[in-house]
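Q: Sequence first, then the predicted structure:
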2 protein chains.
Amino acid sequence: MADAYAPERALANGQPRIDFQTAPARWRHWKLVVDGDVATLLMDVDEKGALFEGYELKLNSYDLGVDIELADAIERLRFEHPQVRVAVLRSGKPRVFCAGANIRMLAGASHAHKVNFCKFTNETRNGIEDLSESSGLQTICAISGTAAGGGYELALAADYIMLVDDGSSSVALPELPLLAVLPGTGGLTRVSDKRKVRRDHADFFCTTEEGVKGKRALDWRLVDEVVPGSKFEERVTARAREFAAKSRRGAAREGIMLAPLSRTFTPSGVEYGSLSVEFDRPGRIATIALRGPAVPPPASAEAMKALGSEFWPLKLARELDDAILHIRLNEFDVAAIVFKSSGNPAEVVAYEKFLDANKDHWLAREIRHLWKRVLKRIDLTSRSLVTLIEPGSCFAGTLAEIPFASDRSYMFLGRREGDNKPPATIALTAANFGPYPMSNGLTRLSSRFLANPSDMEALKSEREKLLEAERAQLLGLVTFAPDDIDWDDEVRVFLEERASFSPDSLTGLEANLRFAGPETMESKIFARLSAWQNWIFQRPNAIGEEGALKRYGTGQKPVFDTRRV
Amino acid sequence: MADAYAPERALANGQPRIDFQTAPARWRHWKLVVDGDVATLLMDVDEKGALFEGYELKLNSYDLGVDIELADAIERLRFEHPQVRVAVLRSGKPRVFCAGANIRMLAGASHAHKVNFCKFTNETRNGIEDLSESSGLQTICAISGTAAGGGYELALAADYIMLVDDGSSSVALPELPLLAVLPGTGGLTRVSDKRKVRRDHADFFCTTEEGVKGKRALDWRLVDEVVPGSKFEERVTARAREFAAKSRRGAAREGIMLAPLSRTFTPSGVEYGSLSVEFDRPGRIATIALRGPAVPPPASAEAMKALGSEFWPLKLARELDDAILHIRLNEFDVAAIVFKSSGNPAEVVAYEKFLDANKDHWLAREIRHLWKRVLKRIDLTSRSLVTLIEPGSCFAGTLAEIPFASDRSYMFLGRREGDNKPPATIALTAANFGPYPMSNGLTRLSSRFLANPSDMEALKSEREKLLEAERAQLLGLVTFAPDDIDWDDEVRVFLEERASFSPDSLTGLEANLRFAGPETMESKIFARLSAWQNWIFQRPNAIGEEGALKRYGTGQKPVFDTRRV
């Protein structure tokens, strides 16, 4: 398994790290054209714009760099273009919609990169679906040419798939016959659970390299409409108008600008406006210290809009998202992320009330939905998650979701000797009882109190109280509450122990224990589908020197261990 | 990954294959003592009774051989002891309940064996739960001593867990800290979803080698009762009486004998009484040919009982189960299982009606439940499943579940030239609409027609009709229906293609496409949990030469690749 240990390839742009920040002016692979309430999102991948050295992005194939731009485009549709009610996803290239994830990139990537690349692309596609479900911005995928593998998986994220009926345009999931891996970006789950394709049809489809076209694609529910080439443009336009007309999205005229994040990378961490990341590399710990608001909430929704991306809850969410992604893809040696916070919890509660009071304002709504996605991103991060709730912290409302998202939390009981900071508190608000479901569909508190839903009901009467450690522990909100005498040792021993365990087994353990209760299509993608794909991404039949991924395009056939496991 | 390719170790009994058949007189590890309506199932593992050479089964640790006996005991409780209403699971050894799966066995087993060992032990534990849920035979696990790893997972399958409060008896899932793997037999899922242990408590519990005892075990929901040592026997007896009194199990006085299966192994297959298995080894195909009943159903429930395990539906279910297990664990090179049948479909329908008419008879009920479990076993078998519905076949009712369980089915359209067999038919009965849910909780037809539940409703009016190919295809019951001209080529090309694909990717594909729709605790065990465990079972941190499984007990610490994936 030399591959799993291989250092990541050099980035093509010469930078020391993968950057998750971009902006339309810097996009190389996508164009977003907004025309009234209809946007066109054009995929036109720059062959020379690969993230890593060593491969070209032919035929609209993609790597993480392409997907970072797509994720950015989706966020901008949310915040910068609130008037858009339908987005049409198309290719800027003739005869191909998208050839899927770049095979050379996959063949040369480390296991850790492959797994985290798939996780990110999955989150982006879930984000497209959330755009429709939560914000009413519907998506149409107009396929002319081949939509293969990740290309078809991208289409599957749309609300409506149109396919040209020209005798050659097709949809396909050729991963298994071609590469001996699975469609890893939700394809199998969306075929079975979203499109509800009959399982034997799905079996045929997913084992057929050339895919399916025309009437059969329609009959088998793989697409929603097939259209003769001569009528395609006209029909796409008509469908866009039709979807725009029935969209639930409000009629906000203008959005806010998502300004570039201000970040400073240092050898020991990253400094953002509202949080900092600090690496203890020998201890394999990343500490994310969140800062509460510096000023009270604005006086009105208009004032919030005027603040734009400087509005504290939005700023913090974007920065936190970036920090998590940075750790995930650039700092593989981090065993645990420790969350801390500082600030006035009452001020945080004031912000929560402000967002609730303005919950019908499109921007407040989008901010809640962004936090929902950022918190899900935390749930799905394969690092041990720990929250330290210390004197002077402000884990209230939305921020209180962070200890609930953590594998364990420690809350300081009483005061530190010689420290005049106020005792640690935790405060619940309406934000903890609905707007932030996990990917299993439950809130973090519901997941936590699965055994006794009545405990959770009782918590509702505790809203907006600043709960100190003893009370918080009694209510089941935190794991342990050591006092000044025990705190340092207890936390240190725990973190040292965590860093001593096998990282793989922690990944598997946490992926199981974090998601009690029901499964949704989304959680199935990250569980059943991704776990199997990760397994296959380890198997010699795929990644060995004679495996299908390595031999693809060499003219040599792969050699398989034929034993079924 | 040399390990994955390693030949299986020699069996300790000198036999050429693992045998899933056993009987109480041959058990080496369990004792079943029946006293009125209370049974005691005593685990007393014979150290020298390991399945493979090279390790001893110390401290009530187990391997597949021990679990085959447990599975046999559970079946005998169902069929031979219908008067039993509660079973108490205990250890026959002092100071230890069960130390879990044997670590030396795991360290030396091939990946394929480990994965299929875990699958079987999971099915056995699900069978214990089904015994309670479907047959009302409740289980109490009485723990005195240590229940660690698979030992606690066995306890988790019980309805009620009692733990001695003696300062040392404990429950533990030490797999992660000790071995760098997961508790792989449902432990994590049952902790989170059945016992509903709070996730941070579960995190602590599953990372703590020494486990949890006494009051904390109770407070954290890990056990249902802690009892002082002096009162333990008395309390266990009282609980057994209490559970027996409230059991829903009927009051049948005497059971039937499960006679040994008659089987003949030949180099090319296995001959059973009601089916045969034939291996095409170059083609990597196992064909299971099922035979319909030779005689009409008996005249009465009493006559059925007199037939005992010779009653055709019971005989076929037991033989089919054995055949599937034989292929799973002994014939790893089989890529696809092809199901065929021969017989009179009207006779099969007659048996279905007989079972329905006697559905309140305990034996008819147990036979339906056995078929439910055998069909689930088929669903969960990681081989491509294909049904060929040919002239002269009898896929009706219960047997029609087999094409629905298959990844693909081919139905012969019309007759074969020069063959006077009746055209292929398929027949639905009440058996296809309820009694055989998959592990996702849906019937196979509901899973199949997820897109249009109304199609499924329409099928109800087709019950008990012999549907020929054209009609069956129109109704969506079969995948393809080639005629005499195309049949041979189409089937051959498909099977050759299937055998040419990477077995791993097929395993992953089928594990996803077979289980559309909801997830249950049971399906979560086979999806989220098992897929992660399989991944970990491939990782050098667990199985590499410096990994935790290999180094356990050597005094050397494992060396981990510290990167999180």
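A: Perfect, I can see it now. Being a predicted model, the structure only gives us computed values, none of them experimental. Residues are numbered from 1 along each chain as shown, chains lettered A, B, ... in the order given.
Q: Going by C-alpha atoms from here, please, whenever you check contacts or count neighbours.
A: OK.
Q: looking at chain A, which helix or strand does the model trust least?
A: helix A:2-5 (a mean of 42; mean pLDDT, DSSP states H and E).
Q: State the next helix or strand along the chain beyond that one.
A: strand A:30-35 (DSSP states H and E).
Q: Do me a favour and average the pLDDT over that next one.
A: Averaged over strand A:30-35, pLDDT sits at 98.
Q: quick one, what contacts the most centrally placed residue in chain A?
A: Chain A has A:E123 as the residue nearest its centroid, 3.3 Å off, counting by CA atoms, centre = their mean. A:E123 is in contact with A:R377, counting by CA atoms under 8 Å, 6 or more residues apart in numbering or on different chains.
Q: so how far is A:H29 from A:A148?
A: 18 Å (CA to CA, to the nearest Å).
Q: Next: A:L495.
A: For A:L495, the distance to A:H29 - CA to CA - is 42 Å.
Q: Among the two, which residue is more densely surrounded?
A: Using other CA atoms under 10 Å in any protein chain shown as the criterion, A:L495 and A:H29 rank with A:H29 on top: 23 against 20.
Q: Sketch out the helices for the stretch 251-400 of chain A, chain order is fine.
A: For the stretch 251-400 of chain A, applying DSSP state H, counting those that start in this stretch gives helices covering A:301-307, A:312-330, A:345-357, A:362-379.
Q: Out of the ones you listed, the one nearest A:I68 is which?
A: helix A:312-330 (10.6 Å; CA to CA).
Q: how many neighbours does the nearest residue to A:R383 once chain neighbours are set aside have?
A: Distances taken as CA to CA, 6 or more residues apart in numbering or on different chains put A:A336 closest to A:R383, at 5.1 Å, once the chain neighbours are dropped. Per other CA under 10 Å, the neighbour tally for A:A336 reads 22.
Q: show me the contacts for A:A336.
A: A:R284, A:I285, A:A286, A:R383, A:S384, A:L385, A:V386, A:L495, A:R498, A:A499.
Q: That one and A:C394, how far apart?
A: Distance from A:A336 to A:C394, by CA to CA: 21 Å.
Q: Please state the backbone phi and psi of the residue of chain A most remote from its centre?
A: What lies farthest from the middle of chain A is A:G418; by CA atoms, centre = their mean that is 42.1 Å. The phi/psi pair for A:G418 (degrees, to the nearest 10) reads phi 80, psi 10.
Q: What ranges does the stretch 51-200 of chain A have for its strands?
A: For the stretch 51-200 of chain A, strands defined by DSSP state E, counting those that start in this stretch occupy the ranges A:61-62, A:86-91, A:96-98, A:100-101, A:138-143, A:146-148, A:160-165, A:170-172.
Q: Please apply the same query to the stretch 451-565 of chain A.
A: A:467-468.
Q: can you give me the helices in it?
A: A:453-459, A:469-474, A:484-500, A:503-513, A:521-524, A:530-536, A:540-543, A:548-551.
Q: okay, those in a markdown table with distance to A:L156 next?
A: Shown next, in a markdown table, are the helices of the stretch 451-565 of chain A (distance: least, CA to CA, whole Å):
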| stretch | distance to A:L156 |
| --- | --- |
| helix A:453-459 | 36 |
| helix A:469-474 | 43 |
| helix A:484-500 | 39 |
| helix A:503-513 | 25 |
| helix A:521-524 | 13 |
| helix A:530-536 | 17 |
| helix A:540-543 | 25 |
| helix A:548-551 | 24 |
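Q: Most tightly packed of the ones you listed?
A: helix A:530-536 (a mean of 27; mean count of other CA atoms under 10 Å in any protein chain shown).
Q: State the mean pLDDT of that helix.
A: 94.
Q: Apart from its neighbours in sequence, what residue is nearest the residue of the stretch 101-250 of chain A found nearest chain B?
A: Of all residues in the stretch 101-250 of chain A, the one sitting closest to chain B is A:A112 (4.5 Å; CA to the nearest CA). Leaving aside its chain neighbours, A:A112 sits nearest to B:V565 (4.5 Å; criterion: CA to CA, 6+ apart).
Q: quick revisit: which one of the contacts of A:A336 has the most neighbours?
A: A:R383 (29 neighbours).
Q: Which residues of the stretch 351-500 of chain A lie near chain B?
A: Within the stretch 351-500 of chain A, the positions near chain B by CA under 8 Å from any CA of the partner chain are A:S382, A:R383, A:S406, A:D407, A:R408, A:S409, A:R448, A:F449, A:L450, A:A451, A:T479.
Q: rerun that using 10 Å as the cut-off
A: Within the stretch 351-500 of chain A, the positions lying close to chain B (CA under 10 Å from any CA of the partner chain) are A:381-384, A:404-409, A:447-452, A:476-480, A:494, A:497-500.
Q: Write a ChimeraX command that selects only the buried members of the residues you listed.
A: This is the ChimeraX syntax for the buried subset of those, where burial follows 16 or more other CA atoms under 10 Å in any protein chain shown:
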select /A:381,382,383,384,404,405,406,407,408,409,447,448,449,450,451,476,477,478,479,480,498,499,500
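Q: I'd say the residue of the stretch 101-250 of chain A closest to chain B and A:L106 touch.
A: No - the criterion here is CA atoms under 10 Å, and A:A112 misses it with A:L106 at 11.1 Å.
Q: Overlap in contacts, these two.
A: A:F537 (CA atoms under 10 Å, 6 or more residues apart in numbering or on different chains).
Q: of these two, who's got more company?
A: A:A112 (21 against 18).
Q: got a pLDDT number for the more buried one?
A: For A:A112, the predicted pLDDT is 95.
Q: ok, now A:P177?
A: 96.
Q: Could you pull up the contacting residues of A:A346?
A: A:G292, A:P296, A:E352, A:C394, A:F395, A:A396, A:A427, A:E464, A:K465, A:L466.
Q: Specify which member of these is nearest to chain B.
A: For the contacts of A:A346, the nearest to chain B is A:F395 (17.5 Å; CA to the nearest CA).
Q: mind listing what that closest one touches?
A: Going by CA under 10 Å, 6+ apart, A:F395 touches A:290, A:292, A:340-346, A:348-349, A:387-389, A:401-403, A:424-428, A:466.
Q: which of those count as buried?
A: A:290, A:292, A:340-346, A:348-349, A:387-389, A:401-403, A:424-428, A:466.
Q: A:M304 - how many residues pack around it?
A: 20.
Q: Could you check how far it is from B:G136?
A: 61 Å.
Q: Give the burial count for the nearest residue to A:L388 once chain neighbours are set aside, as a bare number.
A: Among residues not flanking A:L388 along the chain, A:Y410 sits closest, at 5.0 Å (CA to CA, 6+ apart). Number of residues near A:Y410 (other CA under 10 Å) recorded here: 21.
Q: So A:Y410: helix, strand or coil?
A: Per DSSP: H, G, I helix; E, B strand; the rest coil, the secondary structure class of A:Y410 is strand.
Q: pretty sure it contacts A:F404?
A: No - with contact defined as CA under 10 Å, A:Y410 does not reach A:F404; the gap is 11.4 Å.
Q: shared neighbours of those two, anything?
A: With CA under 10 Å, 6+ apart as the test, A:Y410 and A:F404 both reach A:V386, A:T387, A:V478, A:T479.
Q: List the ones among the contacts of A:A336 that fall in strands.
A: Mapping the contacts of A:A336 onto strands (DSSP state E) picks out A:I285, A:A286, A:S384, A:L385, A:V386.
Q: so what's A:T208 up against?
A: A:A172, A:L173, A:P174, A:E175, A:L176, A:P177, A:L178, A:A202.
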